[in-house]
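Participant: sequence and computational prediction follow.
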Amino acid sequence: MSRKESPHSASRRKAKDDTVIPAMSKRRQASPPKVIPAPDDGSQPPMRNWTRFAFLIILGTAVAAGMALMVHATRQGIGVITDSTTYISVARSLLRGTGFTQATGVPLTHYPPLYPALLALSGLFGGDLLAGAKWLHHFLYAANILMVGVLVYRGTRGSLMATTIALLFVLASGHFLYYHVMTLSEAPFLFFTLGGLVLINEYLYHNRLYMLVGASVVIGLACLTRYVGVSLIVVLFVTVVLLDQSDLRRKITNIAILVSIYSMPLVLWIIRNIMISDTLVNRRITFHPMSLDQIEGAVNTISAWFCIPQSFNVANNLLILLIIIAIALILLFKMAKRFGFYSDLNRIPLLSMIFLFLYTGTLVLSIFFVEANLPFDNRILFPFHIVLMIGLVTLVRNAFHLTAKSPWLVVVAIMLCTPLLMSWGHVTVLLAGFLSENGVVGFNNKTWKSSKAMEFVRGLPEGTLIYSNGPDVIDFQTGRQIMMIPGKGISSTDHQNLNFLRDIEDMMQRLESSRGFLVYFNGITWRGYLPGAEALKQGADLRSVYEGKDGTIYQVDGLKSRAAAPLCRDPSRSSPRFGQLPGHDLAEALSTIDMGFDFAFLCC
């Protein structure tokens, strides 16, 4: 039996409790308990409505300012350069219903198909193809600004200061503006890249399968925009393996789903290429190691983003960049150790780091086996540039959680960002003014439209044989399909043209017999693999029928003997590598045309 408590004992215990509890209450009132703050474990706090509203205001203001800048810069049309003419010709072929075919009738295999398809779609709604392309790039400009803001906002737990700084960097970036005013695949590729990163980040936070499927679809579209988009496939794969907290079985299932989704469009395109042209992507796989000039170009390009004086030598620039990389890695390591590897504070910096590493690795492999003279210039590194900016802004803002979050840290960050923003913004304002006043850089510029040499070519009878160092610009301005002057080498494989002598002789003989024309433009200076006009005169008697500031047009009156033509010697005897031909640094020439003009000269 259980033991019963007597009424007398119960009354005594109650009296004791009545005296103890008030005493304890008095002590608590005299010395209130110490409040220990909850540890910052990296969990995502709920965002307040006013923060979201302020974010939308900041984002909307940035987009409005960017659109005003974009409209001002493209007042005279969108830019067109060599690669643009291929995209435009394929888009026109799609509108005619003849498929992915270039102006020469050759099927498109060298470039992926999505960007010409987007141009053709924009042409349906814009009336004129170039007008539609302009509005397409306006949309891409606004969308890319939006996604930069979303990535930084989500990656910094809703930091309005970090989001504002990132958006200011985007608006102040001359490269961001330039590659949206040009008819190139960089703008849509950045759109799909940022879209993929946004969806990957949301999947890692919410762990919803449909977000992972969406990321796979977007990344597959990036691969169909630029072949270097295969790096994003590896980014998604590595992200699932390293950052996804699901169990092993679900990770394997997710990877299987990803492979089946993002690889299907690219595989279908490759099968199509093999069926119609017996080539994968119209590129030969040969080994050619990276040159020191390419490494130096990469260091100088990235150094310019940080406004490191170009008077420094390459070694000093490389040392400064290595210090910046070391500081970023140390901060990332400390944050992972303090908050945990899977903390949302580390997610965007880690995603950015994975992308930067794999994108660079893909370019290096391409140089070694596909494109020998691929330059590490602002155009090639454009996605690298934007993702690097997003990663650094997010990392620096989140690193404040390692400290006491003192106000002086904010002041220091603003003081460091202000000179960069002022330098970038100054160049961007000058660039926008230059484009608005003089027309966009490239073949759509008013200089080409008013060219007397172009007017001469436009007036020639149909079927006239024409050779030129600028067949692409003639095709764009007049619609004529003409021949390129034979080159001394092939830039993609770094090989000499062993038939260079024979090709020059055949060209001269055809021009002489048909009374054709040789059109040499002075403004095309980036094709160092072509012989100069003075060199061509050594192989034939060239008579000038037009000469002006824009160029010279010749007819052939007779051929010279091979012994009297130094041009006809085999160029491989004097230079072991095409990329190192004296006076013809192709990487430097391509980087010059990529930006259209020298920023340093413009700033002066």
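Facilitator: All right, it came through fine. Numbers count the residues shown, from 1 in each chain.
Participant: now do residue 285: how many residues are near it, please.
Facilitator: Using other C-beta atoms under 10 Å, residue 285 has 9 other residues around it. C-betas here are computed from N, CA, C, even on glycine.
Participant: what helix or strand is the spatially closest residue to residue 234 that is not a sequence neighbour on?
Facilitator: Leaving out its chain neighbours, the residue that sits closest to residue 234 by C-beta to C-beta, 6 or more residues apart in numbering is residue 358, at 4.9 Å. Assigned by DSSP states H and E, residue 358 belongs to helix 344-369.
Participant: elements contacting the following helix or strand past that helix?
Facilitator: Using DSSP H and E, the helix or strand that follows helix 344-369 towards the C-terminus is helix 382-399. Under the contact criterion of 3 or more C-beta pairs under 8 Å, 6 or more residues apart in numbering; DSSP states H and E, helix 382-399 touches helix 129-155, helix 160-172, helix 174-181, helix 186-206, helix 314-339, helix 344-369.
Participant: for residue 542, find the nearest of those.
Facilitator: Of all those, helix 129-155 sits nearest to residue 542, with 35.0 Å by C-beta to C-beta.
Participant: tell me what that closest one is packed against?
Facilitator: helix 49-73, helix 82-96, helix 114-126, helix 160-172, helix 174-181, helix 186-206, helix 344-369, helix 382-399.
Participant: hmm, back to that, how about the helices and strands packed on helix 382-399 in CSV, adding mean pLDDT?
Facilitator: As requested, these are exported to CSV (pLDDT from 0 to 100):
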stretch, mean pLDDT
helix 129-155, 94
helix 160-172, 92
helix 174-181, 92
helix 186-206, 94
helix 314-339, 91
helix 344-369, 92
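Participant: okay, the ones you listed, which one's buried deepest?
Facilitator: Ranked by mean neighbour count under mean count of other C-beta atoms under 10 Å, these are led by helix 174-181, which reaches a mean of 25.
Participant: run through who's touching it.
Facilitator: By C-beta atoms under 8 Å, 6 or more residues apart in numbering, the list of residues contacting helix 174-181 from outside reads 69-70, 73-74, 78-79, 137, 140-141, 144, 170, 186-187, 190, 378-379, 382, 385-386, 424, 427-428, 431-432, 435, 440-441, 595-596, 599.
Participant: coming back round to it: correct me, but the residue nearest to residue 234 touches residue 233?
Facilitator: No: applying C-beta atoms under 8 Å, one finds residue 358 not in contact with residue 233, separated by 9.1 Å.
Participant: right, and the helices and strands packed on helix 129-155 - which one's nearest residue 229?
Facilitator: Using C-beta to C-beta, the nearest of the helices and strands packed on helix 129-155 to residue 229 is helix 186-206, at 6.7 Å.
Participant: let me see the ranges of the helices in the stretch 451-600 of the chain.
Facilitator: 452-458, 471-478, 500-514, 533-537, 586-595, 599-603 (DSSP state H, counting those that start in this stretch).
Participant: what mean pLDDT would you report for the host helix or strand of residue 211?
Facilitator: Counting by DSSP H and E, the element that carries residue 211 is helix 209-223. Helix 209-223 carries an average pLDDT of 91.
Participant: one step back: who wins for proximity to residue 239 among the helices of the stretch 451-600 of the chain?
Facilitator: That would be helix 586-595 among the helices of the stretch 451-600 of the chain, by C-beta to C-beta, at 30.5 Å.
Participant: just give me the neighbour total for the closest residue to residue 508 other than its chain neighbours.
Facilitator: Leaving aside its sequence neighbours, residue 508 sits nearest to residue 540 (C-beta to C-beta, 6+ apart; 4.4 Å). Other residues lying near residue 540 total 24 when counted by other C-beta under 10 Å.
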